[in-house]
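Trainee: Fold the following.
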Amino acid sequence: MKLENGTDTCNCPHIRCERHGKCAECLEHHAAHKKYPPYCKRKSRAGRTKSQKENPPV
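Mentor: Sure, this is the predicted structure:
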């Protein structure tokens, strides 16, 4: 069975969560009660930009 992250295992680091590995329950919980998307739906760190201090404007 494929999960929302495209693999057979949940990649969320919160392994003690009662919704770990239950995508439908997790997505519903985050939609109703949380400010941020679930771990599997967040943008990767590679897609984030560096701070202005590390990359000054040209």
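
Trainee: just the helices in the protein please.
Mentor: 23-33 (DSSP state H).

Trainee: show me where pLDDT drops low in it?
Mentor: 47-58 (pLDDT under 70).

Trainee: list the contacts for the closest residue in space to residue 26 that isn't next to it in sequence?
Mentor: Nearest non-adjacent residue to residue 26, counting by C-beta to C-beta, 6 or more residues apart in numbering: residue 19, 4.3 Å away. (Glycine included, C-beta is placed from N, CA and C.) Contacts for residue 19 were tallied using C-beta atoms under 8 Å, 6 or more residues apart in numbering; they are 25, 26, 29.

Trainee: Residue 12: which of the residues you listed is nearest?
Mentor: residue 26 (7.6 Å; C-beta to C-beta).

Trainee: do you know how far the closest one is from residue 46?
Mentor: Noted for residue 26: a distance of 23 Å to residue 46, by C-beta to C-beta, to the nearest Å.

Trainee: Pick out whichever of the two has more residues nearby.
Mentor: residue 26 (24 against 5; other C-beta atoms under 10 Å).

Trainee: my guess is the more buried one meets residue 37, correct?
Mentor: No. The pair residue 26 / residue 37 is not scored as a contact, 10.0 Å apart, by C-beta atoms under 8 Å.

Trainee: and residue 22, how many neighbours?
Mentor: 14.
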